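# Pasting the sequence and the predicted coordinates here, then a few questions.
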Amino acid sequence: MAQIRIHQEKAAGKQEALAKLCPFGAIEVANGQLSISAACKMCRLCIRKGDGVFEFVEDEVKPAVDKSQWRGIAVVAEVENGNVHPVTLELIGKAKELAAKVSEPVFCLLIGTDISGKAKMLLEYGANEVFVYDQPELRHFRIEPYTAVLEDFIRNNKPSAVLVGGTPAGRSLAPRAAARFRTGLTADCTKLDISGESDLDQIRPAYGGNIMAHINTPRHRPQFATVRYKIFSIPPRNPNASGRIHECELTPEKLASAIEITKVLPKAQEKGIEEAEVLVVAGRGVRKAEDLALLQELADLLGGKLASTRALVEAGWIDARCQIGLSGRTVKPKLIITCGVSGAIQFVAGMNGAEKIIAINTDSTAPIFQVAHIGITGDLYKIVPDLIDRIKNAGEEA
Amino acid sequence: MKTAVCIKQVPGTSQVEIDPVTGVLKRDGVESKMNPYDLYALETALRLKQQYGGEITVITMGPPQAQAVIREAFMMGVDHGVLLSDRRFGGADVLATSYTLSQGLQAAGPFDLIICGKQTTDGDTAQVGAELAEFLKIPHVTNVCKVHGIEAETLEADLDQPLSIATAKIPFPCLITVEKGIFEPRLPSYKRKKETADRQIRVLTLDDLPDKDPIHYGLNGSPTQVKRIFPPENSNTREMWEGNADDLSSRLFRFLDSHKYLQQLR
């Protein structure tokens, strides 16, 4: 088996320094001898940096799977409440891009009850073949029948890679199936590329995003990867796209489950500004209470919430629960668009953790521009209505 | 009822950095602690024990120092601890980790209920639970946000879905992964610390597991390989836009579109 061999004779006099090489503290020094403990994660850093003291010894590599037998990039469609989740379309777009590089087809697997009607749409977004398992046992996501379907699809079609949305269902299904095939799974990829014999180059963050890792699955097939929503882009839809739709079926015995879903209740969508991923913030640049409707409309279109500075709460225009700042709430959304906000320090302290800050203000010297990633010098009364029109038009075209 | 909880020792902070010059992970002053998500799994097990009785075993894979998190679990009220520790487990990815844990649970079990936290803070793949259930050939549910109770060897729980809450009944033996916040985790007690100071921790090596083939463990048993690690790019530069309102709104629209803020409309 693969192991690290230590050449003690080369380590003379520098054992302590060598032990410090290991980021996991697995190299220990006792009686002048180096040893490696169970903390070793086989990152092989010591081999690269250890001046030949550490040697990586690999046994004969067991025969790899015949990769030429595995062709096609498969996407597992995510269906909730009878609708295809947009992450599926994003994955089809990425699969198309990858498949083109290695001249392979794009497959899409559609699982559920009364969902056959959605198959054509998947072709229009770029799948070459859609495999539909539309059976009453598949109404709710339950792990055993869904894994049975994915297993059946993989055995029959042998895709080189399987892309699954990083949703609760996807993050339950992908690992279960990957373990069944004893193959590799890379979770929450943020970049995907393909090379060689359809080998996926998978980039993902670790340690809370402080480190990026480039991961390969060199000797196993299929290669599983999950990707979260809004990492990739939705490809253009081609209503004239052609492709094949396969109606597939498994016997009720194969779809048996020990799990019973007794009820499904829609979630209350009432969220506070702390939970919103997108915030539109109204500041003193808003002239009257009625004008808040404009910013509310922008927030709605972006799937976000309307928030405000303290001045507007004190004026009684908006509920105190919407106030950002030291005397209000601290927020950390993915996107925040401030409109007519000057950026007093008490306000900024409550929002400068946002991932992307866009500020619109007529005064180019406003302090908010010190923290904004994009500072727009302009009039919110001109920019926001125009932006709303553009977003609405784009929504209608799609 | 026999419950097992899978726990992990992780770096005390997620603020680890890579030296951009040498590519070495900086670990100066990085303490270890119990993966915070595992505290919720432990608390769930302890609450169920209070209500229905039984015994709780924690299991972890790691170096000898990982005994510290088992001791901490003892201080919270856990009965038994198992440490899977062997150099040959090193370099395990999700598959090999899950497989090793499944072997350890078979050696220490059988268990009626296995509880895992949502994810760890170091690897944060959130996928070991599901792979573990597959290797144990038992059903699993993820994202458990509320436990209703146990009746006739069947657990009833709420599952947190993006748009809904689903209520599921799942019979023993089974595996569940619980959400952060399902219960408020209790603090370790000093009294229990004294009581459990001498309690034995069962240490298992590869030779103690049912499957003794080293090819299934550690780096050998891992289909995925880390080609390299590198620091993330910092994309948050600051820019100022000026011009007429029409150009500005057009530019802002293109920015929102290309950065996927408009995808929910389609």
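Structure received.
# C-alpha only now, for contacts and for neighbours.
OK.
# what pairs with residue A:134 across the strands?
On the basis of DSSP bridges, residue A:134 is bridged to residue A:112.
# Might one say that it is in contact with residue A:114?
Yes. Using C-alpha atoms under 8 Å, residue A:134 makes contact with residue A:114 at a distance of 6.1 Å.
# Residue A:71 touches residue A:158, doesn't it?
Yes. Under the criterion of C-alpha under 8 Å, residue A:71 makes contact with residue A:158 at 6.3 Å.
# who's more crowded, the two?
residue A:71 (23 against 20; other C-alpha atoms under 10 Å in any protein chain shown).
# Against chain B, how distant is the more buried one?
Using C-alpha to the nearest C-alpha, to the nearest Å, residue A:71 is found at 18 Å from chain B.
# So what does that residue look like in phi/psi?
Backbone torsions of residue A:71, given as degrees, to the nearest 10, read phi -140, psi 140.
# and residue B:78, what helix or strand is that in?
Counting by DSSP states H and E, no helix or strand carries residue B:78.
# Same check on the one 3 residues further on?
Applying DSSP H and E as the criterion places residue B:81 in strand B:80-84.
# between the helix or strand following that strand and strand B:80-84, how many degrees?
Downstream of strand B:80-84, the first helix or strand assigned by DSSP H and E is helix B:94-108. When axes from the mean of the first three to the mean of the last three C-alpha atoms, to 10 degrees is applied, the directions of helix B:94-108 and strand B:80-84 differ by 140 degrees.
# from the chain's centre, how far out does the helix or strand following helix B:94-108 sit?
Sequence-wise, the next helix or strand downstream of helix B:94-108 (DSSP H and E) is strand B:113-117. Distance of strand B:113-117 from the chain centroid (C-alpha atoms, centre = their mean, to the nearest Å) equals 9 Å.
# just stretch A:173-193 next, same as before
Here stretch A:173-193 is found 13 Å from its chain centre; the criterion is C-alpha atoms, centre = their mean.
# In that stretch, which of the residues would be classed as buried?
For stretch A:173-193, the neighbour count (16 or more other C-alpha atoms under 10 Å in any protein chain shown) marks A:173-190, A:192-193 as buried.
# just stretch B:243-250 next, same as before
Buried residues in stretch B:243-250, counting neighbours by 16+ other C-alpha under 10 Å, are found at B:245, B:248, B:249.
# Stretch A:272-292 too?
Buried, per 16+ other C-alpha under 10 Å, within stretch A:272-292: A:273-274, A:276-283, A:285-286, A:292.
# again with stretch B:189-204
B:192, B:193, B:196, B:203, B:204.
# what's the second one in contact with, if anything?
I take that to be residue B:193. Contacts for residue B:193 (C-alpha atoms under 8 Å, 6 or more residues apart in numbering or on different chains) come out as B:71, B:74, B:75.
# Show me the buried residues of stretch A:173-193 that map onto helices.
Judged by DSSP state H, the buried residues of stretch A:173-193 include A:173, A:174, A:175, A:176, A:177, A:178, A:179, A:180 as members of helices.
# out of those, who's near chain B?
A:173, A:175, A:176, A:177, A:178, A:179, A:180 (C-alpha under 8 Å from any C-alpha of the partner chain).
# between the ones in helices among the buried residues of stretch A:173-193, which is closest to residue A:266?
Nearest to residue A:266 out of these is residue A:173 (C-alpha to C-alpha; 22.0 Å).
# Test my guess that that closest one contacts residue A:148.
No. Applying C-alpha under 8 Å, one finds residue A:173 not in contact with residue A:148, separated by 10.1 Å.
# roughly how far is stretch A:321-330 from the heart of the chain?
In this view, stretch A:321-330 has its centroid 29 Å away from the chain centroid, taken as C-alpha atoms, centre = their mean.
# for that stretch, which positions count as buried?
Buried residues in stretch A:321-330, defined by neighbour count with 16+ other C-alpha under 10 Å: A:322, A:323, A:324, A:325, A:328, A:329, A:330.
# ok, and what's touching that stretch?
With contacts defined as C-alpha under 8 Å, 6+ apart, stretch A:321-330 is touched by A:272-274, A:306-310, A:313, A:320, A:331, A:346-351.
# Now list the buried members of the residues you listed.
By neighbour count, with 16+ other C-alpha under 10 Å, the contacts of stretch A:321-330 hold A:273-274, A:306-310, A:313, A:320, A:331, A:347-351 as buried.
# Quick check on residue A:134 and residue A:114: which one has the bigger neighbour count.
Ranked by neighbour count (other C-alpha under 10 Å), residue A:134 and residue A:114 place residue A:134 first, with 20 against 14.
# Helix, strand or coil: sort out the residue most central in space within chain B for me.
By C-alpha atoms, centre = their mean, chain B has its centre lying nearest to residue B:119, at 3.5 Å. When classified by DSSP: H, G, I helix; E, B strand; the rest coil, residue B:119 comes out as coil.
# Look up how far residue A:123 lies from the residue nearest to it when sequence neighbours are not counted.
Computed as C-alpha to C-alpha, 6 or more residues apart in numbering or on different chains, the closest residue to residue B:119 that is not its neighbour in sequence is residue B:126, at 4.1 Å. In this view, residue B:126 and residue A:123 are 31 Å apart by C-alpha to C-alpha, to the nearest Å.
# and what of residue B:240?
On the measure of C-alpha to C-alpha, residue B:240 and residue A:123 end up 41 Å apart.
# What of residue A:11?
Counting by C-alpha to C-alpha, the gap from residue A:11 to residue A:123 is 61 Å.
# quick one: which of those two has more around it?
Neighbours were counted for residue A:11 and for residue A:123 using other C-alpha under 10 Å; residue A:123 has more, 25 against 20.
# how near is that one to residue A:153?
As judged by C-alpha to C-alpha, residue A:123 and residue A:153 stand 18 Å apart.
# partners of the strand holding residue B:81, with directions?
Assessed with DSSP bridges, strand B:80-84 is paired to strand B:55-61 (parallel), strand B:202-204 (parallel).
# Let me know which of the ones you listed is the nearest to residue B:44.
Comparing those against residue B:44 with C-alpha to C-alpha, the closest turns out to be strand B:55-61 (10.8 Å).
# quick one: the following helix or strand past that closest one to strand B:55-61, angle?
Following strand B:55-61 in sequence order, the next helix or strand is helix B:67-76 (DSSP H and E). Put simply, helix B:67-76 runs at 160 degrees to strand B:55-61, going by the same axes, to 10 degrees.
# packing partners for helix B:67-76?
Packed against helix B:67-76 by the contact rule (3 or more C-alpha pairs under 8 Å, 6 or more residues apart in numbering or on different chains; DSSP states H and E) you find strand B:55-61, strand B:80-84, helix B:190-196.
# Touching the shortest one from outside, list them.
The one in question is strand B:80-84. B:55-62, B:64, B:66-67, B:70, B:74, B:101, B:104, B:108, B:200-205.
# circling back to that earlier point, reformat the buried residues of stretch B:243-250 as JSON lines; add distance to chain A.
Shown next, in JSON lines, are the buried residues of stretch B:243-250 (distance: C-alpha to the nearest C-alpha, whole Å):
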{"residue": "B:245", "distance to chain A": "5"}
{"residue": "B:248", "distance to chain A": "7"}
{"residue": "B:249", "distance to chain A": "5"}
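# pLDDT, secondary structure and distance to residue A:142 for these - can I get that in JSON lines?
Below are the buried residues of stretch B:243-250 laid out as JSON lines (pLDDT from 0 to 100; DSSP: H, G, I helix; E, B strand; the rest coil; distance: C-alpha to C-alpha, whole Å):
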{"residue": "B:245", "pLDDT": "89", "secondary structure": "helix", "distance to residue A:142": "51"}
{"residue": "B:248", "pLDDT": "92", "secondary structure": "helix", "distance to residue A:142": "48"}
{"residue": "B:249", "pLDDT": "92", "secondary structure": "helix", "distance to residue A:142": "45"}
